[in-house]
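Asker: Okay, predicted coordinates and the sequence, questions at the end:
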Amino acid sequence: MDALKFLGNIIRALDEKKKPKSYGFSWWPAIRPGRNGGRQQQQEPELKKLNWIQNGFFLQWLQDEKIVESILQANSHQLVIQLSVPILKFLASNKRLTKDHLKTLSTLFEGADSETSKVISAAIANVAEELPENQLRDMYSTFTDDGKKELKDYTLPELKLIGDFTTSAIKATGGKGNVFGVNIFWDMLQGENQ
């Protein structure tokens, strides 16, 4: 966990060099247990500029060391998935998130329990904000089995995922082009009215 927090810290510092951006999850706990069982407020440490490391070097290191593949596995804990979001968004914003990474995320969702599926759904929605339209289309097609899935076959967690993903994808594309899951929800509304 500490390694993921450290990577999140590096990504934040690198991102500060470019422009301020939120990756959705804070890595630093705001409150820690104090002495005598009380709780004491702690300040987030001041980030020093990382002049010795550049985005390209860090991106290459993440790929060479297969960091995403190491942290996103079938038995990944919810917290690990949450802490991996900044890394995934960093890769996506630098156009280094691959189809295999996206496929891993959707595979994790398929085998997850209800609580973990909520965390994965939020992670996918966060990452979708940084994806180009072609990757958004590819990812959406994995959720819908390329449009071959019947409306009655969707589970509630799948519909939540599609709704969250659609909202983020439409934001990412500026509402131009593909409407992703809007048609599924429209069909559901039409079915209720008949």
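Answerer: Everything's here; your move.

Asker: quick one: which helix or strand includes Val85?
Answerer: According to DSSP states H and E, Val85 maps onto helix 78-93.

Asker: Gly175 now?
Answerer: Assigned by DSSP H and E, Gly175 falls within no helix or strand.

Asker: Contacts only, for the residue nearest in space to the middle of the chain.
Answerer: By Cα atoms, centre = their mean, the chain has its centre lying nearest to Ala123, at 3.1 Å. Going by Cβ atoms under 8 Å, 6 or more residues apart in numbering, Ala123 touches 81-82, 84-85, 88, 105. C-beta here means a position set from N, CA and C on the backbone, and glycine is covered the same way.

Asker: which residues does Gln78 contact?
Answerer: Counting by Cβ under 8 Å, 6+ apart, Gln78 touches 115-116, 119.

Asker: from those residues, which ones fall inside helices?
Answerer: 115-116, 119 (DSSP state H).

Asker: Quick one: buried ones out of the contacts of Gln78?
Answerer: 116, 119 (16 or more other Cβ atoms under 10 Å).

Asker: what would the contacts of Gln78 look like in TSV with pLDDT?
Answerer: Output for the contacts of Gln78, formatted as TSV (pLDDT from 0 to 100):
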residue	pLDDT
Glu115	89
Thr116	89
Val119	92
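
Asker: Surely Ser121 is in contact with Pro157?
Answerer: Yes - using Cβ atoms under 8 Å, Ser121 is in contact with Pro157, at 7.0 Å.

Asker: neighbour-wise, which of these two wins?
Answerer: Using other Cβ atoms under 10 Å as the criterion, Ser121 and Pro157 rank with Ser121 on top: 21 against 18.

Asker: now that one: how far from Arg12?
Answerer: From Ser121 over to Arg12 the distance is 24 Å, taken as Cβ to Cβ, to the nearest Å.

Asker: what do you get for Val85?
Answerer: Val85 is 12 Å from Arg12, by Cβ to Cβ.

Asker: anything in contact with each of Ser121 and Pro157?
Answerer: Jointly contacting Ser121 and Pro157 under the rule Cβ under 8 Å, 6+ apart are Phe109.

Asker: just to revisit the earlier point, and of the ones in helices among the contacts of Gln78, the nearest to Ser168?
Answerer: Comparing the ones in helices among the contacts of Gln78 against Ser168 with Cβ to Cβ places Val119 closest, at 15.2 Å.

Asker: and the residue nearest to that closest one when sequence neighbours are not counted, what pLDDT?
Answerer: Among residues not flanking Val119 along the chain, Gln78 sits closest, at 4.5 Å (Cβ to Cβ, 6 or more residues apart in numbering). Looking at Gln78, its pLDDT reads 89.
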